[in-house]
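**Q** My questions concern the predicted model and sequence given below.
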Amino acid sequence: MAAWTPALRSQIKRQVLGERLVWVGVVVLFGLLLGQQIFQPAKRVLEAVAGLVLIVLVLRVDLYWSLCLFLIALPFPSNLAFGTTNIVFVAVLFSVWLMRLALRQVGMAGRTFVDGPLLALFLVYAASFWNVHTAERLWPSLAAFYATAASILLFFLVVNFVRDEVSLERTVIVTQISSGLVIGVSLMGLAFPGITIVPGWIQTGSSGEQDVTGFRLGGPFNASELLAEYCALNLPIQLLLLIRARSLSRKTLWAALILCTFIVQIATVTRGAFISLWIGLAYLLFLMRKRLGFRHVFLTVIGAIALFVTLASFITARTKAGSITSRLMETTFVGYVPETRARAWNDAWEYCKEYPVLGHGPFYPLRTIAGAQIYWPHSIYLYYIYITGWIGLSVFLFLMYRLYRGSKKYAAAELTDPHFSKSLLLVMNTVVVIFLIDQIKLEYLRHEAYQFFIWALFGLLVAAVKIVRAREDPVVERGLPPDGVSPMLYRGWRGTQPRAGS
């Protein structure tokens, strides 16, 4: 060991002082940059700083925290030539995870009950390129394919990084921090229609949301229907966090977020998401009927109706947003189809007939090759038929069935179950129902950032199922046969056991 001499002490002091000066310089420069961007935000500078921070986190800290930061920033991507920055970050995060997996620094979570449908969906997307015949369709089809592939990778990252009750609850809270940012941006758009936070990057709504009466709030997704469904899917999760909160401060925080989310959903003036939410909440009450008395159900329904009437009246009277109650009352039908969907569904169905088996490819254009305008199909089911044919739609429906069945099988009977994972599955089962109903008149693939959000929810659902299975039946979860059972006869990875005598 070196002697503690004055020269050594002086050398150590210089090194420590030098490191401190470097960090002080970094903090000062960062503060100056932050202050300058607050007054004069520049899209490229903010994107560069955000990208640098994310890359440093991926390489220097635990991958789980990098994933959490990405989930927070997920709704605010920046556009690139082949997609958005979300694709880049997921690719980097997945690559680093694979590298650490190869070095045996981390382990895999194992198989899931949706591996088959996910692989089939990926193959169907690849096969749909068979009917892409022009360069004008090839490049946007590749961009759409990259987005879907990155979304599936995000799903697997969530499943592999969220392994226990603590990380599951923490990740759910992280998703609601992200939703709080979306709601905050949307509320700014409600108070100041047409305002832009960062030009070319973070906006508060579509270009049609100007300072005029009767607009529909679109938020950072620039689409009122997507924002409405986003609120509908997050509200049950926020309700779960409110009920399970232990302190008054947390209960107040979650209650405020629920109130703001409900305000934003009403301001979108979107009927489908509103109806889907109420059907989903009624379904949730039905699932908990054995633990809730008639009095609790009655008071909950009356309170929810009173809250809606109060907020809807306030929004109509005090803001420039339209009236959702008027839009609900003025709804008309063309046969059995709402008037706003009749033409879109009919046109989309005619286009679907062109390539009914494999579809037209991953990209859904808004114009034909001849230049004629095409409307959004306003239905994920027609959307999947168009891009991947009936085969793709069948695979997607099978995937959704697996998610619904898996969440319902392992869900608790109440939101206050001792295990957070089981209570979350009760809520996620409701979220799947809301999603499937609302997607009848909407397509989540319309916006790339929103697509990532949906797959992150799917990942949390599967992660919760794996946590419950690992606790209640660890042999089945690991895919190992019980003692005395032949591995060739056992199908543990599917969650089933051989019948007696097999």
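**A** The structure has been received and is ready for your questions. Numbers count the residues shown, from 1 in each chain.

**Q** Residue 197 in helix, strand or coil?
**A** Following DSSP: H, G, I helix; E, B strand; the rest coil, we place residue 197 in the strand state.

**Q** scratch that, residue 86
**A** With three-state DSSP as the basis, the three-state label of residue 86 is helix.

**Q** State the number of residues packed around the spatially closest residue to it that is not a sequence neighbour.
**A** Distances taken as C-beta to C-beta, 6 or more residues apart in numbering place residue 77 nearest to residue 86, at 4.4 Å, with adjacent residues excluded. In this view, the C-beta of every residue, glycine as well, is placed from N, C-alpha and C. By the criterion of other C-beta atoms under 10 Å, residue 77 has 21 neighbours.

**Q** Tell me if residue 77 really is in a helix.
**A** No - counting by three-state DSSP, residue 77 falls outside a helix, being coil.

**Q** quick one, phi/psi of it?
**A** Backbone torsions of residue 77, given as degrees, to the nearest 10, read phi -80, psi 170.

**Q** Show the contacting residues for it.
**A** Residues in contact with residue 77 (C-beta atoms under 8 Å, 6 or more residues apart in numbering) are 84-86, 448-449.

**Q** Show me which of those is closest to residue 310.
**A** Using C-beta to C-beta, residue 449 is the member of these that sits closest to residue 310, with 31.7 Å.

**Q** Quick check: pLDDT value at that closest one.
**A** pLDDT for residue 449: 88.

**Q** Likewise for residue 221?
**A** For residue 221, pLDDT reads 87.

**Q** as a whole number, average confidence for stretch 456-474?
**A** 92.

**Q** for the stretch 101-250 of the chain, what spans make up the strands?
**A** Ranges of strands in the stretch 101-250 of the chain, per DSSP state E, counting those that start in this stretch, are 196-198, 202-203.

**Q** can you put these in a markdown table and add mean neighbour count, mean pLDDT and distance to residue 92?
**A** Rendered in a markdown table, the data for the strands of the stretch 101-250 of the chain read as follows (neighbours: other C-beta atoms under 10 Å; pLDDT from 0 to 100; distance: least, C-beta to C-beta, whole Å):
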| stretch | mean neighbour count | mean pLDDT | distance to residue 92 |
| --- | --- | --- | --- |
| strand 196-198 | 15 | 71 | 23 |
| strand 202-203 | 20 | 70 | 22 |
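
**Q** Among those strands, which comes closest to residue 177?
**A** Closest approach to residue 177 among the strands of the stretch 101-250 of the chain (C-beta to C-beta): strand 202-203, 16.2 Å.

**Q** who does the closest one pair up with?
**A** According to DSSP bridges, strand 202-203 forms sheet pairs with strand 196-198 (antiparallel).

**Q** residues contacting residue 103?
**A** Contacts of residue 103 by C-beta under 8 Å, 6+ apart: none found.

**Q** got the contact list for the closest residue in space to residue 239 that isn't next to it in sequence?
**A** By the measure of C-beta to C-beta, 6+ apart, the closest residue to residue 239 outside its immediate chain neighbours is residue 258, 6.6 Å from it. By C-beta under 8 Å, 6+ apart, residue 258 lies in contact with 235, 238-239, 242.

**Q** Tell me how far residue 258 lies from residue 179.
**A** Distance from residue 258 to residue 179, counting by C-beta to C-beta, to the nearest Å: 11 Å.

**Q** any residues in contact with both of the two?
**A** With C-beta under 8 Å, 6+ apart, residue 258 and residue 179 have common neighbours residue 238.

**Q** separation between residue 238 and residue 260?
**A** For residue 238, the distance to residue 260 equals 10 Å [C-beta to C-beta].

**Q** Counting neighbours, go ahead and name the busier of the two.
**A** Ranked by neighbour count (other C-beta under 10 Å), residue 238 and residue 260 place residue 238 first, with 26 against 19.

**Q** Where does pLDDT dip in the stretch 251-400 of the chain?
**A** 370-371 (pLDDT under 70).

**Q** how does it look with 90?
**A** Low-confidence segments of the stretch 251-400 of the chain (pLDDT under 90): 269-272, 286, 288-348, 350-351, 365-376.

**Q** quick one: contacts for residue 458?
**A** For residue 458, the contact set (C-beta under 8 Å, 6+ apart) comprises 114, 155, 403.

**Q** which one of those residues is nearest residue 271?
**A** Nearest to residue 271 among these is residue 403, at 25.4 Å by C-beta to C-beta.

**Q** pretty sure the closest one contacts residue 461?
**A** Yes - counting by C-beta atoms under 8 Å, residue 403 does reach residue 461; the two are 5.9 Å apart.

**Q** Find residues that contact each of those two.
**A** What both residue 403 and residue 461 touch, as defined by C-beta under 8 Å, 6+ apart, is the set residue 432.

**Q** and residue 363, that's in a helix?
**A** No - using three-state DSSP, the assignment for residue 363 is coil, not a helix.

**Q** how close does it sit to residue 127?
**A** In this view, residue 363 and residue 127 are 15 Å apart by C-beta to C-beta.

**Q** Kindly report the same for residue 197.
**A** Going from residue 197 to residue 127 by C-beta to C-beta gives 41 Å.

**Q** Any chance of the contacts of residue 458 in a markdown table with distance to residue 390, pLDDT and neighbour count as columns?
**A** Output for those, formatted as a markdown table (distance: C-beta to C-beta, whole Å; pLDDT from 0 to 100; neighbours: other C-beta atoms under 10 Å):
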| residue | distance to residue 390 | pLDDT | neighbour count |
| --- | --- | --- | --- |
| 114 | 20 | 94 | 23 |
| 155 | 24 | 96 | 24 |
| 403 | 20 | 97 | 24 |
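
**Q** Which ones among those residues map onto helices?
**A** 155, 403 (DSSP state H).

**Q** Could you export the contacts of residue 458 as JSON lines, including distance to residue 301?
**A** Listed next are those as JSON lines, based on distance: C-beta to C-beta, whole Å:
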{"residue": "114", "distance to residue 301": "34"}
{"residue": "155", "distance to residue 301": "35"}
{"residue": "403", "distance to residue 301": "28"}
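
**Q** re earlier: distance to residue 167 added to the strands of the stretch 101-250 of the chain, as a markdown table?
**A** Below are those laid out as a markdown table (distance: least, C-beta to C-beta, whole Å):
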| stretch | distance to residue 167 |
| --- | --- |
| strand 196-198 | 31 |
| strand 202-203 | 29 |
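
**Q** and residue 291, what are its phi and psi?
**A** Torsion angles, degrees, to the nearest 10, at residue 291: phi -100, psi -10.
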